[in-house]
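**Q** make a model of this:
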Amino acid sequence: MDTKVERKDFEEYLKEARTWETDKVQELMKSRTVAWRVATASAVVAFVAVLALVGLTPLKTVEPFVIRVDNSTGIVDVVQTLRNGKTNYDEAVNKYFTQWYVRYREGYSKDLAEDYYGNVGIMSAGLEQQKYYEWFNPKNPLSPLNVYGPYAKIKIAIKGTSFISPNVALVRYTRGIERGLDKPQLTHWAATITFKYSGAPMSEKDRAVNPLGFQVVEYRNDPEAPPSDASAPARLGQANAAAAPVGVQVFPSATATAPAVPAISQ
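**A** Numbers count the residues shown, from 1 in each chain. Next up, the predicted model:
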């Protein structure tokens, strides 16, 4: 068998072999180049994604809130936090005045009766001044001056305040009647208060109590649960005062100082 290879054919074979190796090396280099480009592009995309996530972090906040359930009435409300913004601060101011109005109007003690009476007058519009005076007047048998006298006290604890509309508040509270060492008689109430702010002139003394001219235009007080017998007379007194005829002395104006409380009947 003739195995002799011509020199020309051998050189041709070597040339083809070198060409094949060169093609393989070039393909490998091209593949590496593509791989590095893809890796670089992926790294850039990942870096941009991380920057975007970092940029969004301040916009994502977790705001916890507390849901409170009244064990006596079963009413649920959310405990709110004060946020920046005009609406929220206006709401906080409105809550402040409506809650203190309820404390002044529904609370009682012999030592604070005159202050409470005057403050209610300063914070009430004409009609509500008249209603309150007729109820508080010692000539009324159901006046707190006659019902509770010099020893009993009424303490008000605010449970929560919500707004039916911007100028109508619903204040939920408990009313505890204390008589000496007896156990306090606790009842639950809801006061609906329609209010406004008045720019009428006011004395410096009254301005210290009511700096923004808060005025209650309409006041309604309703029990959240059936009232006990001890609280019924006072509640009835306010109801009768609303229907009482006009003809007794009332506060001179919505911003004037209230008349002194008459002496407590003994």
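**Q** all strands for the stretch 1-150 of the chain, in order.
**A** 66-69, 76-79 (DSSP state E, counting those that start in this stretch).
**Q** check those for me: which has the lowest mean pLDDT.
**A** In terms of mean pLDDT, the lowest-scoring of the strands of the stretch 1-150 of the chain is strand 76-79 (a mean of 60).
**Q** low-confidence stretches in the stretch 151-266 of the chain?
**A** Where the stretch 151-266 of the chain drops to pLDDT under 70, the residues are 225-266.
**Q** can you pull out the helices in it?
**A** Remark: helices assigned in the stretch 151-266 of the chain by DSSP state H, counting those that start in this stretch are 204-209, 232-243.
**Q** which residues does residue 187 bridge with?
**A** Applying DSSP bridges to residue 187 gives these bridge partners: residue 175.
**Q** count of neighbours near it?
**A** 21 (other CB atoms under 10 Å). Where you see a C-beta, it was placed from the backbone N, CA and C, and this is true even at glycine.
**Q** what do you get for residue 156?
**A** Neighbour count for residue 156, taken as other CB under 10 Å: 20.
**Q** kindly report the same for residue 192.
**A** 15.
**Q** check contacts around it.
**A** Applying CB atoms under 8 Å, 6 or more residues apart in numbering to residue 192 gives the contacts 164, 168-170, 218-222.
**Q** which of the residues you listed count as buried?
**A** Neighbour-count burial (16 or more other CB atoms under 10 Å) is assigned, among the contacts of residue 192, to 169-170, 219, 221.
**Q** touching, residue 142 and residue 135? I think so.
**A** Yes. With contact defined as CB atoms under 8 Å, residue 142 reaches residue 135; the gap is 7.5 Å.
**Q** of those two, who's got more company?
**A** residue 135 (21 against 18).
**Q** can you tell me how far that one sits from residue 164?
**A** Noted for residue 135: a distance of 24 Å to residue 164, by CB to CB, to the nearest Å.
**Q** next one: residue 222
**A** In terms of CB to CB, residue 222 sits 13 Å off from residue 164.
**Q** just residue 133 next, same as before
**A** For residue 133, the distance to residue 164 - CB to CB - is 27 Å.
**Q** same check, this time on residue 149
**A** 36 Å.
**Q** thinking again about what came up before, now the contacts of residue 192 as CSV including distance to residue 129?
**A** Converted to CSV, the contacts of residue 192 look like this (distance: CB to CB, whole Å):
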residue, distance to residue 129
164, 23
168, 19
169, 19
170, 22
218, 12
219, 11
220, 16
221, 16
222, 21
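**Q** can you pick out the most distant pair from those?
**A** Within the contacts of residue 192, 164 and 221 form the most distant pair, 15.0 Å apart (CB to CB).
**Q** okay, now the residue lying closest to residue 170 once chain neighbours are set aside: neighbour count?
**A** Of all residues beyond its chain neighbours, the one nearest residue 170 is residue 162 (5.1 Å), with distances taken as CB to CB, 6 or more residues apart in numbering. By other CB under 10 Å, 15 other residues sit near residue 162.
**Q** try residue 216
**A** 25.
**Q** any idea how far it is from residue 184?
**A** Residue 216 is 27 Å from residue 184, by CB to CB.
**Q** what's the answer for residue 33, then?
**A** 87 Å.
**Q** more crowded one of those two?
**A** Of the pair residue 33 and residue 184, residue 184 is the one with more neighbours under other CB under 10 Å, namely 13 against 10.
**Q** mind listing what the closest residue to the more buried one other than its chain neighbours touches?
**A** Closest residue in space to residue 184, ignoring its immediate chain neighbours: residue 176 at 4.2 Å, by CB to CB, 6+ apart. Counting by CB under 8 Å, 6+ apart, residue 176 touches 154-157, 184-186.
**Q** out of these, which is nearest to residue 109?
**A** When these are compared for distance to residue 109 (CB to CB), residue 154 wins out at 7.4 Å.
**Q** tally up the residues packed near the closest one, please.
**A** 21.
**Q** also residue 109?
**A** 17.
**Q** what's the pLDDT at it?
**A** For residue 109, pLDDT reads 91.
**Q** over to residue 73?
**A** Residue 73 is assigned 58 on the pLDDT scale.
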